[in-house]
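**Q** mind looking at a prediction? Sequence and model below.
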Amino acid sequence: MPKILLVDDDKTLLTFLAEFLSDKYQVVTANNGQEALRQAYSEQPQLVILDVMMPGMDGWEVTARLRELSTIPIIMLTGKTTEADKLRGFSLGIDDYVTKPFSFAELSARISAVLNRVQRRTGTLENIIVIDELIIDLNRRDVRLGSAPVNLTPTEFRLLEILARRHGKAVSEEELTKKIWGDYRSEDSTVLRRYIWSLRSKIENDPANPRWIVNVRGYGYMLE
């Protein structure tokens, strides 16, 4: 289930909306801008739904701060309906703009549309690679499978990063070896295969029948 961060100073709306969305998503909430930033960095949600008008740090500032480090999708909620306000939001890098009052069903449909767009552009996020429930934060060198952290060695992380950046494409054993150990260090394919098995053992339900990291016979590996 994708994780969503809901941010609104209206605690009643926050409660009802979180309950409505909890059937389809993991929902994390915040009722002010400072808490929203803390939750975004600690929880690593896959989408933020953000109210504009909040005391203290408003939604505009939260958006700007999030955009300094991440291209995480943002849907903005607001009572402001002018074209200038919408253009301001999109210029800051939001993905959608929903005006109040709104129906929960409409918001749910917009959430699905935004998440689907993100999945289609997998691998193009500047700092975070999201492939279904596999989340790779390149800045923090953090990997999560759903909400569960995955503890990788530096070499395992580098191997996963290379495959994730080429998601859906085969990468040869030779290329993987050179990118991990360099041109001037000789490592045979046995060493690479040991790391592939170690990585599979940490992210696959059944390492012997992998879902994520698959063999490309006679060539190399691919992250499905």
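**A** Alright, I've got the coordinates.

**Q** okay, domains of the protein per the record?
**A** With domains defined by automatic domain parsing, the chain comprises 3-120, 131-223.

**Q** mean pLDDT and mean neighbour count added to these, as a markdown table?
**A** Just so you know, the C-beta spots here come from the backbone N, C-alpha and C atoms, and that holds for glycine as well. Putting the domains of the chain into a markdown table (pLDDT from 0 to 100; neighbours: other Cβ atoms under 10 Å) gives the following:
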| stretch | mean pLDDT | mean neighbour count |
| --- | --- | --- |
| domain 3-120 | 85 | 17 |
| domain 131-223 | 86 | 15 |
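
**Q** hey, which helix is longest across this protein?
**A** The longest helix of the chain (DSSP state H) is helix 104-120.

**Q** output the next helix or strand after that helix in CSV with nothing but the alpha carbons.
**A** The helix or strand immediately downstream of helix 104-120 is strand 128-131, counting by DSSP states H and E. Extracted C-alpha coordinates of strand 128-131, given in CSV (Å, rounded to 0.1, in the frame of the first residue of the first chain):
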residue,chain,number,x,y,z
ILE,A,128,14.4,9.0,-5.0
ILE,A,129,13.8,6.0,-7.3
VAL,A,130,10.4,4.4,-6.8
ILE,A,131,9.6,1.1,-8.3
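
**Q** sheet partners, orientation included, of strand 128-131?
**A** strand 134-137 (antiparallel) (DSSP bridges).

**Q** and the partner strand, how far from the chain's centre?
**A** From the chain centre to the centre of strand 134-137 is a distance of 6 Å (Cα atoms, centre = their mean, to the nearest Å).

**Q** name the surrounding residues that touch the helix or strand just after it.
**A** Remark: after strand 134-137, the chain's next helix or strand is strand 142-145, criterion DSSP H and E. Outside strand 142-145, the residues that touch it by Cβ atoms under 8 Å, 6 or more residues apart in numbering are 44, 133, 134, 135, 136, 137, 149, 150, 152, 157, 160, 203.

**Q** strand 142-145 pairs with which strands, parallel or anti?
**A** strand 134-137 (antiparallel), strand 148-150 (antiparallel).

**Q** the helices in this protein, which residues?
**A** All helices of the chain, identified by DSSP H, fall at 11-21, 33-43, 59-69, 83-92, 104-120, 154-165, 173-181, 189-203.

**Q** redo those helices as CSV? Include distance to residue 141.
**A** Converted to CSV, the helices of the chain look like this (distance: least, Cβ to Cβ, whole Å):
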stretch, distance to residue 141
helix 11-21, 30
helix 33-43, 14
helix 59-69, 14
helix 83-92, 27
helix 104-120, 21
helix 154-165, 6
helix 173-181, 15
helix 189-203, 14
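
**Q** of all the ones you listed, which one is nearest residue 222?
**A** helix 154-165 (7.1 Å; Cβ to Cβ).

**Q** between that closest one and helix 189-203, how big is the angle?
**A** Angle of helix 154-165 versus helix 189-203, following axes from the mean of the first three to the mean of the last three Cα atoms, to 10 degrees, is 80 degrees.

**Q** tell me the contacts of residue 1?
**A** 24, 25, 26, 146.
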